[in-house]
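Trainee: Predicted model, plus sequence, below.
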Amino acid sequence: MTTYQEALMNEYAKKYATNWFKFNEGSGTTLNDSKGTIVCTLVNDPTWLSNGGLSFDGTNDFIRTNGLRMPIGEKSIYLKLKINEKPTDAMIIISDYTTSSSNDRGYSLSVRGLNDGNILRLNAFSSWSRDYPNSRIKIESTIDICDGLEHDVLFTWNGTTNENGVKLFIDGILNNTATASGLDTTSNTALRDIYIGRNVFTGYEYYYKGEIHELSLFNKDLSKLALNKSLILSNGEYKKFGFEETLVYKNIIPNMTSNTLPSGVVSASSFASVSTEPWKAFTEDILVNRWATKSGEPLGWIQYKFPKSEIIRMYSVTANFISEERVYDIRDWVFEASNDQSNWTTLDNVTNQTFTVSERKEFLIPNNTPYLYYRLRILANMGGTLSSISRLEMMTEDVATGSSSWSTVSPTLPTSTQFLEQGMDDLASFNRTVQELEPLDMIDKTDILFTNGEVGKVYQKTINLQKYIDIRSIRTEVK
């Protein structure tokens, strides 16, 4: 169940984060920025956790971020972490500071050792010093966080030297404040890539031992921001109005006319003849085209190279359209990906599949890493001397929006988490203006009306009330 603090930080990250690492890849050697294009490299195999996040061994594993920089000036740093053991020495969680050479500078978020009470400390150094006299920012937690529990940690700075401009929140509660002694400038900030799990300098390393489940950076002081969410109470229920988003999967391989046109590159281990070339498994005409391996080589592969790296989340296989060729259907295979065609990552391992004529089957894969090459490698077929498929599709996730509508959030007073996750932050749909309509000709109903001795006729006009939320006045004129 999502906690209020998690819901709050998710909303902040969606609206304001410059970089947001969810640590939800689950496998592989990269960590992806969901708000940008940065792809980080995992060094020495920190371990993916089944419930999300990475575990660091404190010995030699860390993350090289390949372009992630600390915002200059006003900023916030958010981490979700868990530390099971009390360290005897300092551990660096994130840093762009080398702790090495004279006149060095940068930020360092660390956990101090037993002698310092296992507290969190954030420093912003203007120059190098082991005794930290040159920290223009220094703030420490007042509690031991090495307790085996997951903690939400948020550092904020308003970018000034005003009193208590630096704040530390732990699990949503203000834990400590500090005053910066100087400002960030291009001359006193590191301007180098951040490391996660150790300091930057090689030869004098402090590695992190613990878990990280989320990291986000902001160029805003989140302590000054407020999130406004609204729900509408109608007939005893709390409702929202808006577009309902639906997750859809879209095949991003074009309808190929050759191995290289219109884009990308198709290749395969072999093919039986000109009529079964590899590109024919990437066309829409599944009742005419198919790919087949060379006779005697049923355990082949077929591959597509994208023009740029893509995150494939689903693929589909369509069986051969010739009813007499069921022995050529594939039965066991792996779906794998690579960025260099040398190191392949298995994304899916499928066994004991059977197909009917032209049957299409979809396969979801838990992939969050962009790759350039994807291939289907056949491990077994239904006994034939070759293997064949009519089509191979590769899909990315997309969001489709339907028509706007009302939906009920809760029949009782919503919780703060429900407000954050489901409340409306855009009330533009409810802005109303007074509009004077053009005169409308009335329809003669030919009814005769007698009033106070006068004789008249009845007229009518239908107005679409769904188009106008309310009507302030109606004026009638007799001409």
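Mentor: Thanks, I have it.
Trainee: So what are the sheet partners of the longest strand seen in the chain and their directions?
Mentor: In the chain, ranked by residue count with DSSP state E as the criterion, the top strand is strand 388-410. Here strand 388-410 is paired, per DSSP bridges, with strand 237-251 (antiparallel), strand 291-292 (antiparallel), strand 314-319 (antiparallel).
Trainee: Next secondary structure after that strand?
Mentor: Moving toward the C-terminus from strand 388-410, the first helix or strand encountered (DSSP states H and E) is helix 416-422.
Trainee: That next one: which residues count as buried?
Mentor: Across helix 416-422, burial judged by 16 or more other Cβ atoms under 10 Å covers 417-422. In this view, the C-beta of every residue, glycine as well, is placed from N, C-alpha and C.
Trainee: And stretch 320-336, by the same measure?
Mentor: Of the residues in stretch 320-336, those buried under the neighbour-count criterion (16+ other Cβ under 10 Å) are 320-321, 325-326, 328-331, 333-336.
Trainee: Would you agree Trp333 is in contact with Arg377?
Mentor: Yes - taking contacts as Cβ atoms under 8 Å, Trp333 lies within contact range of Arg377: 6.1 Å.
Trainee: so what's Glu214 up against?
Mentor: For Glu214, the contacting residues are 9, 21-23, 53, 78-80, by Cβ atoms under 8 Å, 6 or more residues apart in numbering.
Trainee: If you average pLDDT per helix and strand, which one of the chain comes out bottom?
Mentor: Taking mean pLDDT, DSSP states H and E as the measure, the helix or strand of the chain with the lowest value is strand 443-451, at a mean of 65.
Trainee: in the protein, which spans are helices?
Mentor: Assigned helices in the chain, in chain order: 4-16, 416-422 (criterion: DSSP state H).
Trainee: Quick one: closest of these to Leu225.
Mentor: helix 4-16 (7.1 Å; Cβ to Cβ).
Trainee: and that closest one, what other elements does it pack with?
Mentor: Using 3 or more Cβ pairs under 8 Å, 6 or more residues apart in numbering; DSSP states H and E as the contact criterion, the elements in contact with helix 4-16 are strand 75-82, strand 150-157, strand 209-218, helix 416-422.
Trainee: So which of the ones you listed is nearest Glu297?
Mentor: If you check each of the helices and strands packed on helix 4-16 against Glu297 by Cβ to Cβ, strand 209-218 wins as the nearest, at 46.0 Å.
Trainee: Run the chain-centre distance for that closest one.
Mentor: The chain centroid and the centroid of strand 209-218 are separated by 15 Å under Cα atoms, centre = their mean, to the nearest Å.
Trainee: So what are the sheet partners of it and their directions?
Mentor: Paired strands of strand 209-218, with direction, are strand 17-21 (antiparallel), strand 54-57 (antiparallel), strand 75-82 (antiparallel) (DSSP bridges).
Trainee: Mean neighbour count, distance to Asn123 and mean pLDDT for those strands - can I get that in a markdown table?
Mentor: As requested, the strands paired with strand 209-218 are arranged in a markdown table below (neighbours: other Cβ atoms under 10 Å; distance: least, Cβ to Cβ, whole Å; pLDDT from 0 to 100):
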| stretch | mean neighbour count | distance to Asn123 | mean pLDDT |
| --- | --- | --- | --- |
| strand 17-21 | 23 | 20 | 94 |
| strand 54-57 | 20 | 20 | 96 |
| strand 75-82 | 22 | 12 | 94 |
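Trainee: Please identify which of those is closest to Pro254.
Mentor: For the strands paired with strand 209-218, the distance to Pro254 is smallest for strand 17-21, at 31.0 Å, taking Cβ to Cβ.
Trainee: quick one: contacts of the closest one?
Mentor: Strand 17-21 has contacts (Cβ under 8 Å, 6+ apart) with 13, 31-36, 38, 40, 68, 71, 214-219.
Trainee: ok so, going back, what's the closest of the strands paired with strand 209-218 to Asp116?
Mentor: strand 75-82 (17.4 Å).
Trainee: Helix 4-16 and that closest one, what's the angle between them?
Mentor: Between the axes of strand 75-82 and helix 4-16, defined by axes from the mean of the first three to the mean of the last three Cα atoms, to 10 degrees, the angle is 140 degrees.
Trainee: Lowest average pLDDT across the helices of the chain?
Mentor: Ranked on mean pLDDT, the bottom entry among these is helix 416-422, at a mean of 82.
Trainee: That one packs against which elements?
Mentor: Packed next to helix 416-422, using 3+ Cβ pairs under 8 Å, 6+ apart, are helix 4-16, strand 388-410.
Trainee: For the last one, give the mean pLDDT please.
Mentor: Read that as strand 388-410. Per-residue scores along strand 388-410 average to 85.
Trainee: residues of it that come out buried?
Mentor: In terms of neighbour count (16+ other Cβ under 10 Å), strand 388-410 has its buried residues at 388-396, 409.
Trainee: Tyr16 is in contact with Leu222, isn't it?
Mentor: Yes - at 7.2 Å, Tyr16 and Leu222 qualify as touching, with contact defined as Cβ under 8 Å.
Trainee: And these two? Which one has more around it.
Mentor: Neighbour tally, Tyr16 and Leu222, criterion other Cβ atoms under 10 Å: the higher count belongs to Leu222, 24 against 17.
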